[in-house]
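Peer 1: Structure for this input, please:
(one chain, ligands or ions: 1)
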Amino acid sequence: MAPDIFEGLETKSRPVVRAMSSPASLVLTGLLVAWGLWMADYRVFGLTAAIPVAILGLGLLVLQGWAREISLASAGVFASAMYYANWLDRDDQGKGLPWIVAALIAVAIATAFMAGLALVSGRLPTIYLVILTLGLQVTIEKTIYPIGYLSGGVSGGNGGAPLVNPRPEPLGLDLVDDRIFYFFALAWLAVVLVLLIRLRRSPAGLAFLVVGSNRQSAAALGIPPVRFRVLAFTLAGFLAGVGGVLGSMFYVTPPLFLGWDVETSLLLLCIPVLAGVDSMAAVIVVAAYLYVMPIELERWDIEQSFIASVALGFGALFGARGVGGRMQDLERRRRYGKRRQRTRRKRLATAVLRESAGLADENAGVLSPAERSACLEVLERWLPPRPESGTALRTTDVRLAFGPIRALTGASIEVPVGQMVGLIGPNGAGKTTLFDVVSGFTAPDSGTVELFGRDVTRTSAWDRSRLGMTRTFQNTRVIPELTAGDNICGGAWAAVRARTASFVAGRPSAWAALREAEEAGYAAARLLDVHTYWDERVGTLEFSARRRVEIARALVAGPRLLLLDEPAAGLDPASSSAMFSLIRRLHSDLGLSVLIVEHYVKAVLDSCDSVHVLAEGRVLATGTPAEIAANTEVQQRYLGTRLDYLDGLEPARD
Ligand SMILES: Nc1ncnc2c1ncn2[C@@H]1O[C@H](COP(=O)(O)OP(=O)(O)OP(=O)(O)O)[C@@H](O)[C@H]1O
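Peer 2: Purely as a prediction, here's the structure:
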């Protein structure tokens with residue numbers, strides 16, 4: 001009987017049911033419903049006010065938590081949507097459009113504004129975006145708003161609509177009743193949550209987080225960072241618009257330019273700060289806190305700004321993961337049992353490395369041959385067809401100068417299909433620069449890069465990844481706030497055969513496609529012995545495990561050529577050799593072509609089929625490890641200085 005290699009891999013195919021079945025979600029849902037049924041009117045009113053802001057806050061979570069961008073224009077976008085929904089709809093002071101048309105236009109305006117902001121801010125680092133949006137709000141609030149003929153002044157906006165919009169009457173509901181309106185608003189929130197949970201669980205949701213964590217590693221996995229950045233802004237704008245339209249039925253709508261209030265935008269920051277990278281439940285809790293607490297503490301004259309400031313300060317104590325991250329830790333502990341995980345982790349931490357070094361004993365828990373071949377079979381099905389012959393990668397006469405520094409002076413290397421090739425050389429030889437040129441992160445001044453016979457010199461990094469090239473980084477670039485499973489599946493966006501819209505619509509075929517990716521990821525995780533951490537945060541793992549998680553993620557991206565940047569960096573010599581044996585085994589079992597940059601020369605010479613030695617920006621020697629070791633010029637200019645290499649030779653000298 002075939003072994004069950006997926007034991008421990010929970011299905012994510014019903015993400016909403018899964019998310020809603022956690023005790024925290026059940027308690028939160030119960031509280032929200034009970035609040036509407038049994039609390040006093042003024043308290044129900046207070047929590048209703050929080051719901052449009054919670055929807056806005058979910059947009060901030062996408063922007064700040066997932067994509068790690070900070071915009072300080074949130075209050076303005078929200079208020080503008082509110083204003084337009086109101087003004088376009090009203091018969092007396094506005095345009096008298098049907099409510100639904102007014103609402104759609106208002107959402108479209110908010111969405112377009114944020115998409116435009118993403119395009120205008122382009123490649124600006126986040127801090128400039130903060131300054132840009134802060135400046136925009138201050139300009140509107142302090143300069144445009146006081147100019148009466150531009151803003152309409154205090155008494156009204158351009159169209160003048162400072163009042164509450166009459167509530168529509170969908171399906172005959174009496175929304176004038178505040179309690180019914182509360183449940184109506186909760187229904188909006190529920191719909192947004194369902195769609196957003198599905199998006200977050202889809203490969204695109206993970207892709208947002210990969211882009212937010214590191215744009216280069218996203219590109220190396222085939223995820224276009226710019227597109228996802230613009231999408232994150234667009235989605236944040238859309239949710240601000242939806243929240244604003246709901247708010248237009250509830251709040252007193254301020255004149256258009258008065259809503260661009262810097263203080264409110266700053267205070268709203270406490271929502272994503274407290275919620276952390278990834279917790280929608282925390283967004284709702286913080287929004288509720290912001291609106292319920294001022295009512296509860298009114299008798300002591302404590303205002304919302306003070307309550308928000310306390311939250312902001314408190315949130316800063318929790319770091320990037322926020323309170324939401326802590327809540328998720330508790331949930332994980334409940335599901336998987338922390339102590340059990342820890343014990344297993346200790347026992348298995350280096351089992352696969354020990355096995356590769358020939359040290360594993362039978363209790364170490366590494367894969368049986370049957371399990372190993374089952375894992376390989378799953379990965380074999382997942383990876384794109386690997387060619388049998390030809391050249392996987394060829395660089396021809398690549399030159400690149402950084403001002404006066406000539407980093408590459410005509411580098412020509414080749415990785416034949418199915419081979420494991422090492423790239424070594426002294427510090428400053430140009431290895432990383434050549435790797436970056438090959439990956440598509442740096443354009444060469446001249447020369448060409450060919451991938452499987454195709455000229456990709458001017459092709460973007462993510463398109464190169466789609467052609468079958470994936471890389472890892474010297475400083476492992478995994479997302480510490482996410483689990484190993486999420487990190488590994490984060491590589492799957494380009495490889496999963498289902499549209500994001502199908503995930504959001506909840507189509508079973510899309511979730512089946514994701515399950516395939518999860519199984520491939522889990523099989524890779526088992527081969528690299530990181531499956532026991534599948535549901536653990538990567539930030540808690542030791543260094544070599546993080547690196548193996550990154551390699552598993554690269555495998556899920558579906559490579560035919562794998563570029564590994566110093567996979568042994570930071571490991572001790574025994575672990576380095578073991579890591580190389582592990583890579584060697586993966587390479588031969590899966591028929592992958594591999595290019596490795598590495599300083600640990602002994603491991604390269606022991607494991608690679610051929611080696612290029614780079615010096616002063618070009619290839620000094622190419623050959624088999626034996627030829628390289630025997631090359632006197634290489635000996636003089638490089639190997640003679642490498643202690644690890646000399647150590648490796650010592651037994652032979654004796
Ligand atoms: N962005 C840059 N701007 C200016 N000079 C650079 C830049 N990147 C690399 N260099 C220079 O180009 C040369 C090659 O650097 P590179 O990092 O590619 O070498 P390397 O072989 O990877 O070295 P190491 O083994 O130390 O990582 C060095 O002289 C380096 O200082």
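
Peer 1: The closest residue in space to residue 89 that isn't next to it in sequence and residue 240: what is the separation?
Peer 2: Distance criterion Cβ to Cβ, 6 or more residues apart in numbering; nearest residue to residue 89, sequence neighbours excluded, is residue 102 at 3.8 Å. Placement of C-beta: from N, CA and C, glycine included. As defined by Cβ to Cβ, to the nearest Å, residue 102 lies at a distance of 16 Å from residue 240.

Peer 1: Who has more neighbours out of the two?
Peer 2: Neighbours of residue 102 and residue 240, each counted by other Cβ atoms under 10 Å, are more numerous for residue 240; the result is 35 against 24.

Peer 1: hmm, back to that, ok, so what distance separates the residue nearest to residue 89 from residue 223?
Peer 2: Noted for residue 102: a distance of 36 Å to residue 223, by Cβ to Cβ.

Peer 1: Helices along the stretch 301-450 of the chain, start to end?
Peer 2: 304-317, 322-336, 338-348, 351-356, 369-382, 431-439 (DSSP state H, counting those that start in this stretch).

Peer 1: Get me the contact residues on this structure for the ligand.
Peer 2: Within the chain, the residues that sit near the ligand (Cβ under 6 Å from any ligand atom) are 402, 405, 407, 425, 427-433.

Peer 1: Quick one: mean pLDDT over stretch 192-201.
Peer 2: Average pLDDT, stretch 192-201: 94.

Peer 1: Please list the outside residues in contact with it.
Peer 2: The contact list for stretch 192-201 (Cβ atoms under 8 Å, 6 or more residues apart in numbering) reads 12, 15-16, 19, 55, 58, 62, 66, 205, 239, 242, 278, 280, 500, 503-506, 514.

Peer 1: Can I have the buried ones of those residues as a PyMOL selection?
Peer 2: Remark: buried members of those, expressed as a PyMOL selection using 16 or more other Cβ atoms under 10 Å:
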select buried, resi 12+15+16+19+55+58+62+66+205+239+242+278+280+500+503+504+514
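
Peer 1: so the residue nearest to the spatial centre of the chain is in which element?
Peer 2: Nearest to the mean C-alpha position of the chain, by Cα atoms, centre = their mean, lies residue 209 at 1.4 Å. Using DSSP states H and E, residue 209 sits within helix 203-213.

Peer 1: residues making contact with that helix?
Peer 2: So helix 203-213 is contacted by 62, 65-69, 199, 217-218, 221, 223, 225, 228-229, 231-232, 277-278, 477-479, 482, 486, 489-493, 496, 500, 503, 514, 517 (Cβ under 8 Å, 6+ apart).

Peer 1: hmm, 7 Å instead?
Peer 2: Under the criterion Cβ atoms under 7 Å, 6 or more residues apart in numbering, residues 62, 66-68, 199, 217-218, 221, 223, 225, 228-229, 232, 479, 482, 486, 489-490, 492-493, 496, 500, 514, 517 lie in contact with helix 203-213.

Peer 1: Okay, domains of this protein per the record?
Peer 2: If you go by automatic domain parsing, the domain ranges for the chain are 15-331, 391-481+556-653.

Peer 1: Generate CSV for the ones you listed, with distance to residue 372 as supplementary columns.
Peer 2: Shown next, in CSV, are the domains of the chain (distance: least, Cβ to Cβ, whole Å):
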stretch, distance to residue 372
domain 15-331, 25
domain 391-481+556-653, 8
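
Peer 1: and of the ones you listed, who's closest to residue 374?
Peer 2: domain 391-481+556-653 (12.3 Å; Cβ to Cβ).

Peer 1: Quick one, grab the pLDDT at residue 560.
Peer 2: 90.

Peer 1: which residues of this structure fall in strands?
Peer 2: In the chain, the segments counted as strands under DSSP state E are 391-402, 405-416, 420-424, 446-451, 454-455, 469-471, 561-565, 593-597, 610-615, 618-623.

Peer 1: which of these is buried the deepest?
Peer 2: strand 469-471 (a mean of 28; mean count of other Cβ atoms under 10 Å).

Peer 1: I'd like to know which elements that strand is packed against.
Peer 2: Applying 3 or more Cβ pairs under 7 Å, 6 or more residues apart in numbering; DSSP states H and E, we find strand 469-471 packed against strand 561-565.

Peer 1: now with 8 Å?
Peer 2: Applying 3 or more Cβ pairs under 8 Å, 6 or more residues apart in numbering; DSSP states H and E, we find strand 469-471 packed against helix 431-439, helix 543-556, strand 561-565.

Peer 1: Give the pairing partners of the last one; include direction for each.
Peer 2: Put plainly, it is strand 561-565. Strand 561-565 has its sheet partners listed here by DSSP bridges as strand 469-471 (parallel), strand 593-597 (parallel).

Peer 1: Looking at the longest one now, give me its mean pLDDT.
Peer 2: Throughout strand 593-597, pLDDT has a mean value of 93.

Peer 1: Could you tell me the angle between that strand and strand 420-424?
Peer 2: On the basis of axes from the mean of the first three to the mean of the last three Cα atoms, to 10 degrees, strand 593-597 is oriented at 20 degrees to strand 420-424.

Peer 1: to the chain's geometric centre, what's the distance from strand 593-597?
Peer 2: Centroid separation for strand 593-597 versus its chain: 25 Å, with Cα atoms, centre = their mean, to the nearest Å.

Peer 1: Same question for the shortest one.
Peer 2: A distance of 18 Å separates the centroid of the chain from that of strand 469-471, by Cα atoms, centre = their mean.

Peer 1: And for it, what's in contact with it?
Peer 2: Contacts to strand 469-471, defined as Cβ under 8 Å, 6+ apart, come from residues 220-222, 393, 435, 438-439, 451, 491, 554-555, 557-565.

Peer 1: If we use 7 Å, what do you get?
Peer 2: Strand 469-471 is touched from outside by 220-221, 439, 451, 554, 557, 559, 561-563, 565, with contacts defined as Cβ under 7 Å, 6+ apart.

Peer 1: Which pair of those spans the longest distance?
Peer 2: Greatest spatial distance in these: 451 and 565, 17.2 Å, computed using Cβ to Cβ.

Peer 1: could you check the distance from residue 596 over to residue 604?
Peer 2: Residue 596 is 7 Å from residue 604, by Cβ to Cβ.
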